[in-house]
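Take this sequence and fold it.
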Amino acid sequence: MRKSIFSIVLLLATVLGASAMSVTTAPGELSKQVSDKNVTELIVTGSVDVRDFAFIADNLLSLSLLDMSGVEVEAYTCRGDECYFGSRSAFAAGELPQYAFFGSALRSVTLPAQLSGIGEAAFAGCSALEAISIPESVTTIGENAFNSSGLKQVAVNVRQIGAGAFADCAQLASVQIGQNVLSIGDRAFAGCTKLTTVGVPEGSPLHSIGEEAFMGSALASFDFALCPNVEKVGKWAFAGTKIKKAKLPESLADVPEGVFFGSASVDNISVPEYAQTIGDYAYYGNTSRNNSLKLPVDLSYIGDNAFEGSRPSYVVAYPLTVPELGKEAFKGMNGEHRTVLYVEKASIPSYQSAAQWSDFDIQDIAATDAPMAGADLAIRAWFDGSTLCITASDEIESVSIFDDGGTLCGTTRGNSCEVRIDTSAITSGIVLSAVKLEGGETRVFKLLRK
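Numbering: from 1, shown residues only. Okay, here's the model as predicted:
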């Protein structure tokens, strides 16, 4: 009896032991080293090339754990009719080949420590793969590399994140963008319906976000203040997200088509200060009520349905020349109660005679406390007789006042959240006020003193 039990235990140990292997190989020799094609855990050291990745993909269908941290990937050029992973004939050293683990059952993968690139669709469809550590040596992630995989979180510190690299990862909840990332490709994180957080390091060199990059994700915010080098944001980049603040880099000259389309959670629309055009459907469906909507001074065109659905309490248009409008640019904004539009007094007749603009209740901007530039809802300025009153949510560092000719009439230092200034010495009715908050930017107000 004891002998029988011992034999069964020994047999089980042998069977279980056979499911895990550790091998050292040379390029093209892995098939000779792995004797059990039902192996579930495999540790590989030595050197491999595309032939070895093809062997794993075609034969080790039960593999769930693969450790290649001690592997070097060698270059390989196909000979004769040889063909691996598509039509390519040459595979570079240091690169995980395209489609290498496409649709596999892998749950855990440790990549080669000196890997330089991850090929197209290398882990696409790997629904069991929940986590992966991408080595610092990797500079590029190819198109659709992890598309529709089971990843739940990932840290990415490569120069280029390829198009669709992490698209449709249904379980992906958080992403950390590293200090080396320069570009995020088209649809890189599109369709990640649980993705709420994307971390970006302060001073990030990121300069490009592709079209539809985060479209249809659950992204709640993206702080462009942390990545001051962004020069391009693609069309529909944040469409259909849960983003709260529709704010792009101030330096952008063009607001992309559909960039915040259908992002119904938006509670504040902030048009870039230097924007010259706003694309079709840019802010379509941002239905939450803004305190205000500021249109920058150089704006010349607003596209079709760009602001359809938004309902600001008022609109301030700084351009002296009336911007051209596409079809139904402000659809739904002016119903039974028309929205107030503040413009320069000299431009009122032009706005009143222009189609769609004439739907607003147009008033002189100088008669309001609306800021003339760098609109900041945290600051308010108004007159009490000849006394200029300014309040802010943060401590006021200084206030400078000018007459309508731009001549400096005085500067007052502040040390609280409220400042009152006597402007009786200024003979003109128009007063310009430059307000600087502690540690913040300067905001300029133009007011009419009655």
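
Now do the strands in the stretch 101-250 of the chain.
108-110, 117-118, 131-133, 140-141, 153-156, 160-161, 174-177, 183-184, 197-199, 208-209, 232-233, 245-247 (DSSP state E, counting those that start in this stretch).

Compare the ones you listed and give me the one nearest residue 261.
Of all these, it is strand 245-247 that lies closest to residue 261, at 10.3 Å by C-beta to C-beta. Glycine gets a C-beta too; all of them are placed from N, C-alpha and C.

Other residues contacting the closest one?
By C-beta atoms under 8 Å, 6 or more residues apart in numbering, the residues outside strand 245-247 that reach it are 221, 224, 238, 259-260, 263, 266-270, 283, 286.

could you point out which element follows that strand?
Later in the chain than strand 245-247, the nearest helix or strand by DSSP states H and E is strand 254-255.

Partner strands of the helix or strand following that following strand and their direction?
Where DSSP H and E defines the elements, the next helix or strand beyond strand 254-255 is strand 268-270. Take DSSP bridges as the rule and strand 268-270 pairs in its sheet with strand 245-247 (parallel).

Show me which positions of the partner strand end up buried.
245, 246, 247 (16 or more other C-beta atoms under 10 Å).

again with stretch 118-137
Those would be 118-127, 129, 132, 134-135, for stretch 118-137 by 16+ other C-beta under 10 Å.

Pick out the most distant pair among those.
Most distant of these, by C-beta to C-beta, are 127 and 135, 23.2 Å apart.

So residue 263 versus residue 21, what's the distance?
50 Å (C-beta to C-beta, to the nearest Å).

what about residue 362, neighbour count?
Around residue 362 there are 21 other residues, counting by other C-beta atoms under 10 Å.

Please, which helix or strand holds it?
Going by DSSP H and E, residue 362 is in strand 361-364.

Show residues contacting that strand.
Outside strand 361-364, the residues that reach it (C-beta under 8 Å, 6+ apart) are 338, 339, 340, 341, 342, 343, 344, 345, 348, 351, 352, 448.

count of neighbours near the second one?
Residues lying near residue 339 (other C-beta under 10 Å) number 18.

Send me stretch 152-167 as PDB with only the CA atoms.
Output of stretch 152-167 as PDB, limited to C-alpha atoms (Å, rounded to 0.1, in the frame of the first residue of the first chain):
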ATOM      1  CA  LYS A 152      -5.500  46.300 -16.100                       C
ATOM      2  CA  GLN A 153      -2.700  48.900 -15.700                       C
ATOM      3  CA  VAL A 154       0.500  49.800 -17.500                       C
ATOM      4  CA  ALA A 155       3.400  52.100 -17.200                       C
ATOM      5  CA  VAL A 156       4.700  53.300 -20.600                       C
ATOM      6  CA  ASN A 157       8.000  55.100 -21.000                       C
ATOM      7  CA  VAL A 158       8.800  54.700 -24.600                       C
ATOM      8  CA  ARG A 159       9.400  57.400 -27.200                       C
ATOM      9  CA  GLN A 160       6.500  56.400 -29.500                       C
ATOM     10  CA  ILE A 161       3.300  54.700 -28.500                       C
ATOM     11  CA  GLY A 162       2.000  53.200 -31.800                       C
ATOM     12  CA  ALA A 163      -1.500  53.600 -33.300                       C
ATOM     13  CA  GLY A 164      -4.000  51.400 -31.500                       C
ATOM     14  CA  ALA A 165      -1.300  50.100 -29.100                       C
ATOM     15  CA  PHE A 166      -3.600  49.700 -26.200                       C
ATOM     16  CA  ALA A 167      -7.000  50.200 -27.900                       C
END
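
Identify each buried residue in that stretch, please.
154, 156, 157, 158, 160, 161, 162, 163, 164, 165, 166, 167.

Output the residues you listed in JSON lines; the columns should cover distance to residue 366 and pLDDT.
Below are the buried residues of stretch 152-167 laid out as JSON lines (distance: C-beta to C-beta, whole Å; pLDDT from 0 to 100):
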{"residue": "154", "distance to residue 366": "52", "pLDDT": "96"}
{"residue": "156", "distance to residue 366": "50", "pLDDT": "96"}
{"residue": "157", "distance to residue 366": "51", "pLDDT": "95"}
{"residue": "158", "distance to residue 366": "52", "pLDDT": "96"}
{"residue": "160", "distance to residue 366": "49", "pLDDT": "96"}
{"residue": "161", "distance to residue 366": "48", "pLDDT": "97"}
{"residue": "162", "distance to residue 366": "52", "pLDDT": "96"}
{"residue": "163", "distance to residue 366": "49", "pLDDT": "98"}
{"residue": "164", "distance to residue 366": "51", "pLDDT": "98"}
{"residue": "165", "distance to residue 366": "51", "pLDDT": "98"}
{"residue": "166", "distance to residue 366": "50", "pLDDT": "98"}
{"residue": "167", "distance to residue 366": "50", "pLDDT": "98"}
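
and the residue lying closest to residue 239 once chain neighbours are set aside, what does it touch?
In space, and not counting its chain neighbours, residue 239 is closest to residue 261: 3.9 Å by C-beta to C-beta, 6 or more residues apart in numbering. The neighbours of residue 261, taking C-beta under 8 Å, 6+ apart as the test, are 236, 239, 240, 281, 282, 283, 284, 285.

is it possible to export the strands of the stretch 101-250 of the chain to a markdown table including distance to residue 327?
Listed next are these as a markdown table, based on distance: least, C-beta to C-beta, whole Å:
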| stretch | distance to residue 327 |
| --- | --- |
| strand 108-110 | 51 |
| strand 117-118 | 44 |
| strand 131-133 | 46 |
| strand 140-141 | 40 |
| strand 153-156 | 40 |
| strand 160-161 | 35 |
| strand 174-177 | 37 |
| strand 183-184 | 31 |
| strand 197-199 | 33 |
| strand 208-209 | 27 |
| strand 232-233 | 23 |
| strand 245-247 | 21 |
